[in-house]
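**Student:** Could you look at this predicted model? Sequence included:
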Amino acid sequence: MSTLRVGMVGFAHGHAYSYLNALKAIPQVAVTGLFDEERSRVERIVRQDGITYYDDYRELLGTDIDAVVICAENSRHAALTIEAARSGKHVLCEKPLGVSRAEMEQMVRVCREHGVQLMTAFPCRYLSPVVEAKKAIEAGAIGDILAIKGMNRGTMPGGWFIDPALSGGGAIMDHTVHVMDLMNWFVDSDVTEVYGEAGTLFHDIQVEDAGLVHVKFANGVIGIIDTSWSRTKSAPMGWDVVMEITGSSGVLSVDGFGQVNHIYGDDKMKAQWSYWGDSSDDLMIQDFVRALLAQEDVPINGEDGLKATVVALAAYEAARQKKPVVFSG
């Protein structure tokens, strides 16, 4: 395969626009069609880039595309992924992979049965500080990992993110999975127990905007994640990815978006971040394309997406029961 033909399905999640730009920048990729239930979200792209718009995503899946990028609302990921797999298309699906364990397992199974690859969109693995942290851990710089404290705090996104029928949950569903995937990647051990606390503390909305998720791994490592939508409008950036990793012989602090200049200007009346690091979205898309063109396994598969998301689901259950959820098997 010399050219990868890609379709875009869903622009509900803002990452769709950066993924599209990343795809357009790769010479071996042709973005040949797109679909969104709200055409207004893609009208400018259709007009400026001349990419064909499809009124029905099934028509797009029926074309000769090789792969599809899905950035629809969380509750639609499963149906779209399964339909794409049955059409013989490889899939890159935005996080969280799904909103229930059963549907995520079905997504993984159907993709496997139809011989297509399913990749979960976890661009945080491509942040330069995270990549360097992974290298340091593998080199033994802090000995054996004992505990990880992580934060993925953000501003409240509004829109469909706070509609539980479309999102599957609030801040815990939205912000557990990125750091949880990094913990899984660093620790390389199965989660055995999850505890969660959830609350609506900052906004008048129908879903939780604050959450703390505690995990235990089979190898004894303890983890905790602050998943809240607690970042204020005055913050220089709307989100963060921060981890402190305690090892048997050292501590490693990771600021995923630490490659920034700080700008103070009276016109904005708040500090601004001018990010100069590599684009993790671009690097993730390039890796997805490289794997498919080389007919290799995608670097972050559906199982990775499932493993991170089931922790969020367990945190909800633990918060309801007021006791830890123990994973069996």
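**Tutor:** Perfect, I can see it now.

**Student:** for the nearest residue to residue 130 once chain neighbours are set aside, what are its contacts?
**Tutor:** Nearest non-adjacent residue to residue 130, counting by CB to CB, 6 or more residues apart in numbering: residue 256, 5.6 Å away. Heads up, the C-betas are built off the backbone N, CA and C, glycines and all. Residues counted as contacts of residue 256 (CB atoms under 8 Å, 6 or more residues apart in numbering) are 124, 127, 129, 130, 240, 241, 242, 243.

**Student:** Tell me which two of the residues you listed sit farthest apart.
**Tutor:** 130 and 240 (12.5 Å; CB to CB).

**Student:** can you list contacts of stretch 20-28?
**Tutor:** The contact list for stretch 20-28, computed with CB under 8 Å, 6+ apart, reads 2-4, 6, 8, 29, 31, 34, 45, 49, 69, 279, 281-282, 284-286, 289, 293.

**Student:** The lowest-mean-pLDDT helix or strand in the chain: which residues count as buried?
**Tutor:** Within the chain, no helix or strand scores below strand 270-275, which has a mean of 81 by mean pLDDT, DSSP states H and E. Neighbour-count burial for strand 270-275 flags residue 273 (criterion: 16 or more other CB atoms under 10 Å).

**Student:** Sheet-wise, list the partners of that strand with their directions.
**Tutor:** strand 260-265 (antiparallel) (DSSP bridges).

**Student:** re the thing from before, just checking, which of the contacts of residue 256 belong to helices?
**Tutor:** 129, 130 (DSSP state H).

**Student:** Out of the contacts of residue 256, which one has the weakest pLDDT?
**Tutor:** Within the set of these, pLDDT is lowest for residue 240 (91).

**Student:** I'd like the distance between the closest residue in space to that residue that isn't next to it in sequence and residue 228.
**Tutor:** Spatial nearest neighbour of residue 240, excluding adjacent residues (CB to CB, 6+ apart): residue 153 at 5.6 Å. Separation of residue 153 from residue 228 (CB to CB, to the nearest Å): 5 Å.

**Student:** For the contacts of residue 256, which PyMOL command selects only the ones that are buried?
**Tutor:** Provided next is the PyMOL selection string for whichever of the contacts of residue 256 are buried by 16+ other CB under 10 Å:
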select buried, resi 124+127+129+130+240+241+242+243
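
**Student:** Sounds good, over and out.
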